[in-house]
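[1] Need coordinates for the following:
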Amino acid sequence: MSLNKIFSSKPKQIAQAALQVLSNVYGDLENVKIIVISDMQSTLNIAENFKQSLSGGCCILEESFDKFLKTNEDNLVKNKKFIDLIKDFDMVMIGYKSQLKLVDSVIVRNVLKIRKKKPIFFIDCGIPGNICVDIGEINNCYLFDLNDLEQLYTSWIQKNDLNHEVYEGLFDLELKALLNSFFSKFKFNLEQKMMFEKKIKLMLSSKKNDIKLILKNFLKNF
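    Numbers count the residues shown, from 1 in each chain. From the prediction side, this is the model:
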């Protein structure tokens, strides 16, 4: 499967899906803050849609990966600077063509401590990824990639949901966190993850609450 098929090229739809997820948690988006850190045009296009949709706008940090990391600094200094950069934002979108990780569980736990457990969302636009997937196991931290958001937007279209309410199956936030933990422990690659989520979505389409509860209890065993 090519990366072009995996990652969406529809910045407006991706931005709308991300904002709907934020709205589901925070309600009023007037005070929600978003930061986008990337030098990839596809990610920056999504950021422009955030700017148009949010009254408070969107902070965009357009820097190269090497410049952003400043390799002459030690890890403690880099981590502290990064934590100071993102701690006041409710959603952090990151996208670089690099396998190096900018966000891990240590950074997230420190950020949440500063935020007094206020939820924070991360969107990984990187190829293959710039965020450690195990952060999805941390309470009040939610991790999405572009495929997640594209599926969410598509589910609205398929259901003709004019109110754009969040689909209560795969995008139940508790279930999403459990799935992220499951994928991490069994080292699913992106294609395996997509196939598994597709099967889960089909199973949940019956809208039977007992099925969702059984699934959650199953995932909690891992």
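[2] Okay, now the unreliable bits of the chain?
    1-9, 55-57, 68-74, 156-174, 176-177, 190-191, 194, 205-209 (pLDDT under 70).
[3] So what sits opposite the residue nearest the centre of it in the bridge?
    Nearest to the mean C-alpha position of the chain, by Cα atoms, centre = their mean, lies residue 144 at 2.3 Å. Beta bridges link residue 144 to residue 123, judged by DSSP bridges.
[4] what's it in contact with, if anything?
    Counting by Cβ atoms under 8 Å, 6 or more residues apart in numbering, residue 144 makes contact with 18, 21, 121, 122, 123, 124, 176. For the C-beta atoms, the positions are set from N, CA and C on the backbone; glycine is no exception.
[5] how close does it sit to residue 214?
    Distance, residue 144 to residue 214, by Cβ to Cβ, to the nearest Å: 24 Å.
[6] now swap in residue 38 and tell me
    39 Å.
[7] Counting neighbours, go ahead and name the busier of those two.
    When neighbours are counted by other Cβ atoms under 10 Å, residue 38 and residue 214 differ, and residue 38 comes out ahead with 25 against 11.
[8] List phi and psi for that one.
    Main-chain dihedrals, residue 38, degrees, to the nearest 10: phi -170, psi 160.
[9] Could you pull up the contacting residues of it?
    With Cβ under 8 Å, 6+ apart, residue 38 has these contacts: 44, 47, 61, 62, 93, 94, 95, 96, 125.
[10] Quickly list what it is bridged to.
    In this entry, residue 38 is beta-bridged to residue 95, by DSSP bridges.
[11] sorry, back to before: out of the contacts of residue 144, which is nearest to residue 52?
    residue 18 (13.2 Å; Cβ to Cβ).
[12] which residues touch that closest one?
    By Cβ under 8 Å, 6+ apart, the neighbours of residue 18 are 46, 50, 91, 93, 121, 123, 144, 149.
[13] one more time with 10 Å, if that's ok
    34, 46, 49-50, 53, 91, 93, 121, 123, 144, 146, 148-149, 152-153 (Cβ atoms under 10 Å, 6 or more residues apart in numbering).
[14] Farthest pair within those residues?
    Farthest apart among the contacts of residue 18 - using Cβ to Cβ - are 53 and 148, which lie 18.8 Å from each other.
[15] more neighbours, those two?
    residue 148 (25 against 16).
[16] so what secondary structure elements neighbour the helix or strand harbouring residue 201?
    Assessed by DSSP states H and E, residue 201 sits inside helix 190-204. With contacts defined as 3 or more Cβ pairs under 10 Å, 6 or more residues apart in numbering; DSSP states H and E, the packing partners of helix 190-204 are helix 3-6, strand 141-145, helix 146-158, helix 173-185, helix 209-219.
[17] if you compare these, which one is most tucked away?
    Of all the helices and strands packed on helix 190-204, strand 141-145 has the most neighbours on average by mean count of other Cβ atoms under 10 Å, namely a mean of 23.
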